[in-house]
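Enquirer: Fold the following.
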Amino acid sequence: MKFMILVKSNPDLEARLAVMSDSQMKDSMAAMEVFNEELKRAGVLRDCDGLRLSREGKRVRFDGKARTVIDGPFTGDLVAGYWLWELPSIEEAVAWVKRCPNPMPVPSEIEIRPI
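Expert: This is a model prediction of the structure:
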């Protein structure tokens with residue numbers, strides 16, 4: 001089965017990330033790179049990437065035939081990054097996520113969604 005693994009964020013967390021020092025970011029990214037290499041060696045990882053801050057994004061709101069473009073930053077739950085994994089079961093995806101270093105400098109969540 002394929003799974004999309006979503007690294008969750010929020011506006012407060014984005015604000016903290018925007019002011020993190022380069023060394024803090026490098027340490028966090030180094031731990032994540034080790035994890036990504038484990039995923040590759042195990043044949044689980046199909047793709048992954050981090051998203052830029054929501055202030056650089058746009059949303060399109062649909063209402064009947066009307067379309068409204070909304071510029072970031074956005075409020076509410078956000079997605080900070082993703083992985084695409086292929087595993088036999090969601091239980092195995094949960095086991096891998098539990099091995100993941102915390103992707104954020106504060107308590108965070110990762111969502112697992114079957115494709």
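
Enquirer: Show residues contacting the helix ranked longest in the chain.
Expert: For the chain, the helix with the greatest residue count under DSSP state H is helix 22-41. Here helix 22-41 makes contact (CB atoms under 8 Å, 6 or more residues apart in numbering) with Leu45, Cys48, Trp83, Trp85, Trp96, Arg99, Cys100, Pro101, Pro103, Pro105. Any C-beta I mention is one placed from the backbone N, CA and C, and that applies to glycine too.

Enquirer: Check stretch 42-61 too.
Expert: By CB under 8 Å, 6+ apart, the list of residues contacting stretch 42-61 reads 2, 7, 9, 11, 14, 17-18, 36, 39, 67-74, 78-87, 96.

Enquirer: Any chance of the contacts of helix 22-41 in CSV with pLDDT, secondary structure and distance to Arg59 as columns?
Expert: Shown next, in CSV, are the contacts of helix 22-41 (pLDDT from 0 to 100; DSSP: H, G, I helix; E, B strand; the rest coil; distance: CB to CB, whole Å):
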residue, pLDDT, secondary structure, distance to Arg59
Leu45, 98, strand, 28
Cys48, 96, strand, 23
Trp83, 98, strand, 23
Trp85, 98, strand, 26
Trp96, 98, helix, 30
Arg99, 96, helix, 33
Cys100, 96, coil, 28
Pro101, 93, coil, 30
Pro103, 87, coil, 23
Pro105, 78, coil, 26
